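J.: Next comes the sequence, and after it the predicted model I'd like to discuss.
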Amino acid sequence: MSTILLVEDDPDIRHVVSYKLTRGGFRVVEATDGLAALREAQDSHPDLVILDVRMPLMSGLEVCRELRARPWTATVPIIMLTGRAQQEDIDQAYAAGATDYVVKPFSPRELQHRVESALHEVDG
Amino acid sequence: MLRVFTVTIVVLIAIVALTGLGIVAVRLVRQARQRKRALLAAGPRRALLAFVADNGADGGHDLVALPDEAWQAAEAGALGLLGKLRGEAHAALVSVFLRRGTARAALRDLRSRSRVRRARAAQVLGDLEVRLAVPELCRLLTDRHGEVRVVAVRALGRIGDPTAAWRLIASLDQSDPLPSLLVTHTLAQLGPETEVTLSAALDHPEARVRAVCLDALGLLGAAGSVHRVARVLREDSTLDVRIAAAANLGRLGARTAIEPLTGAVGPGRPAPLRAAAARALGDLGTSAGVPALVALLGDDEYRVAHEAAHALRRLGRPGLDALRSVLDTEAAEMIAAGRGTHARPSSAAGHALEALSLASVGPDPGASPPGSGTLDELVAG
């Protein structure tokens, strides 16, 4: 069973995504801010990270860079989930090391497909 | 006297104590209500989130059958969720709201005396994308409160019904008009069907209205309107509108825009218009604009030459080659004249150097490092 680290400060979105992925057969570990995300990443060794961009304490981009700099998460797929849809924001996310980018408002079903696709690419 | 003073002090102390007790009591009651509300909302909220995560596969009937008190406690959070989701999850959530009569209540509230209720109702109808509400939301575009008008505009954008375009355009022409940028984006949200209305509004007597319509056409990428926008560029009586026309011709990205734009950069036109047209030639993304832009590099107007150089940079390989060619030609002329390449470059070469230097650090595709920015090194490279 793949482990997904879900980093999101909005409790509603966290609940919806967590419920959807758990029903989809994943183990979901949650974090509500950037620092907690880094701790969880170290403890739970996730197979994939879903990362909000605007969060308290550390932004998603900073967390993304930090995860890429650490040997145990350097190659883990990271999907950014954010309300920022400008091309500049998307470019920044990819430059920080994101694998994929999902814009809010989002479809939980589409997010699940993206997760499966990213994990499939890693396995392949 | 002392007795009167003592009584006054006692009365004052009593008033202060009673007021304090009253404040504490109100706060306690409010907290108790919030706790009760949170408890009431917890169950429906969990059910609602699960329903949404399942794309409305099951649980819809239970949500519709919830007692009003429990539903009202969860409704505010659920409404917030509408703006965060799309696709089947959004549709499922909308269906629950519609079946619970939220849209009917919001339609009634659009005529409430309270501006807060009117604004909230407009927001709900926009989030639920209720097309039936478009005429009533259009009526709110002339509401006496600016906040209500802004929420109504956003709601119309979210619903995306092109029939609202005329009313939105008309709302720009009032004594306390809506913010231009908001209306521009909302008009673009109404979709390509608004192109005809926007083109027709380019004859509006108000310059601000014409400029907003041009920007909306640019955002829509309405390539079918190039000739109409080109006419505005040539003939409009207001310079700002002509500048907006130039900028949006660039955004439209059609080859047919090259001729009007090269006409607009010609001598005799106002410098801000020529600069905007030069910039737009770069935005078009076609190498057909290169000769006109190269000719502008030595222009007397700094802004025009500057925009031309950076437009060439943005064009990628053909533009960058043209910039290098300007430097090569100048270097060759200097050597032929026996001045060497240490001489101060001409204005055209200066602009070309600056653009090439930026290209070497920018993300432009096809840009190759041109050197450190001196004519010497560029020629050598």
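T.: That came in fine, so what should we check first? Nothing here was measured: the structure is a model prediction, and the numbers come from that model. Residues are numbered from 1 along each chain as shown, chains lettered A, B, ... in the order given.
J.: How about the contacts made by the closest residue to B:Thr286 other than its chain neighbours?
T.: Among residues not flanking B:Thr286 along the chain, B:Arg255 sits closest, at 6.1 Å (Cβ to Cβ, 6 or more residues apart in numbering or on different chains). In this view, the C-beta of every residue, glycine as well, is placed from N, C-alpha and C. Neighbouring residues of B:Arg255 by Cβ atoms under 8 Å, 6 or more residues apart in numbering or on different chains: B:284, B:286, B:288.
J.: Against B:Asp54, how distant is the second one?
T.: Between B:Thr286 and B:Asp54 the computed distance is 49 Å (Cβ to Cβ, to the nearest Å).
J.: phi, psi of A:Val102?
T.: Main-chain torsions, A:Val102, degrees, to the nearest 10: phi -120, psi 130.
J.: More neighbours: B:Thr286 and B:Asp54, which one.
T.: Neighbour count, other Cβ atoms under 10 Å in any protein chain shown: between B:Thr286 and B:Asp54, B:Asp54 has more, with 20 against 15.
J.: So for that one, what pLDDT did the model give?
T.: Predicted confidence (pLDDT) for B:Asp54: 83.
J.: nearest residue to it other than its sequence neighbours?
T.: Nearest to B:Asp54 is A:Arg23, by Cβ to Cβ, 6+ apart, at 7.3 Å.
J.: where's that neighbour relative to A:Val63, distance?
T.: Taken as Cβ to Cβ, the span from A:Arg23 to A:Val63 is 26 Å.
J.: Can you tell me how far B:Leu320 is from B:Val326?
T.: From B:Leu320 to B:Val326 the distance is 11 Å (Cβ to Cβ).
J.: cool, and B:Leu252?
T.: Relative to B:Val326, and taking Cβ to Cβ, B:Leu252 is found at 28 Å.
J.: what are the phi and psi values for B:Ser112?
T.: Torsion angles, degrees, to the nearest 10, at B:Ser112: phi -70, psi 160.
J.: can you pull the contacts of it?
T.: Contacts of B:Ser112 by Cβ under 8 Å, 6+ apart are B:118, B:121.
J.: Could you do A:Thr3 as well?
T.: Contacts of A:Thr3 (Cβ under 8 Å, 6+ apart): A:26-29, A:44-48.
J.: Distance check, the closest residue to chain A within the stretch 51-200 of chain B against B:Leu128.
T.: Nearest to chain A, among the residues of the stretch 51-200 of chain B, is B:Gly87, at 3.1 Å (Cβ to the nearest Cβ). Taking Cβ to Cβ as the measure, B:Gly87 falls 15 Å from B:Leu128.
J.: Can you pick out the residue with more neighbours from the two?
T.: B:Leu128 (22 against 15).
J.: What backbone torsions are found at that one?
T.: According to degrees, to the nearest 10, B:Leu128 has phi -80, psi -10.
J.: one step back: more neighbours: which of A:Arg23 and A:Val63?
T.: Taking neighbours as other Cβ under 10 Å, A:Arg23 and A:Val63 compare with A:Val63 leading, 27 against 13.
J.: Give me the distance between B:Leu217 and B:Pro318.
T.: Taking Cβ to Cβ, one finds B:Leu217 at 27 Å from B:Pro318.
J.: Who has more neighbours out of those two?
T.: B:Leu217 (32 against 15).
J.: Next SSE downstream of the helix or strand that contains that one?
T.: Assigned by DSSP states H and E, B:Leu217 belongs to helix B:207-220. Under the assignment DSSP H and E, the closest C-terminal helix or strand after helix B:207-220 is helix B:226-235.
J.: Tell me the helices and strands packed up against that following helix.
T.: The contact analysis (3 or more Cβ pairs under 8 Å, 6 or more residues apart in numbering or on different chains; DSSP states H and E) places helix B:226-235 against helix B:207-220, helix B:239-252, helix B:258-264.
J.: The top helix by length along chain A near chain B anywhere?
T.: Longest among the helix segments of chain A by residue count, using DSSP state H, is helix A:108-123. Yes: against chain B, helix A:108-123 shows contacts by Cβ under 8 Å from any Cβ of the partner chain at A:108-110.
J.: Please compute how far that helix lies from its chain's middle.
T.: Remark: helix A:108-123 is offset 11 Å from the chain centroid, using Cα atoms, centre = their mean, to the nearest Å.
J.: show me what contacts B:Ala194?
T.: No, residue B:194 isn't Ala; it's Thr. Per Cβ under 8 Å, 6+ apart, neighbours of B:Thr194: B:162, B:165, B:187, B:216, B:220.
J.: Out of those, grab the one that's most surrounded.
T.: Neighbour max across the contacts of B:Thr194 (other Cβ under 10 Å) = B:Leu187, 29 neighbours.
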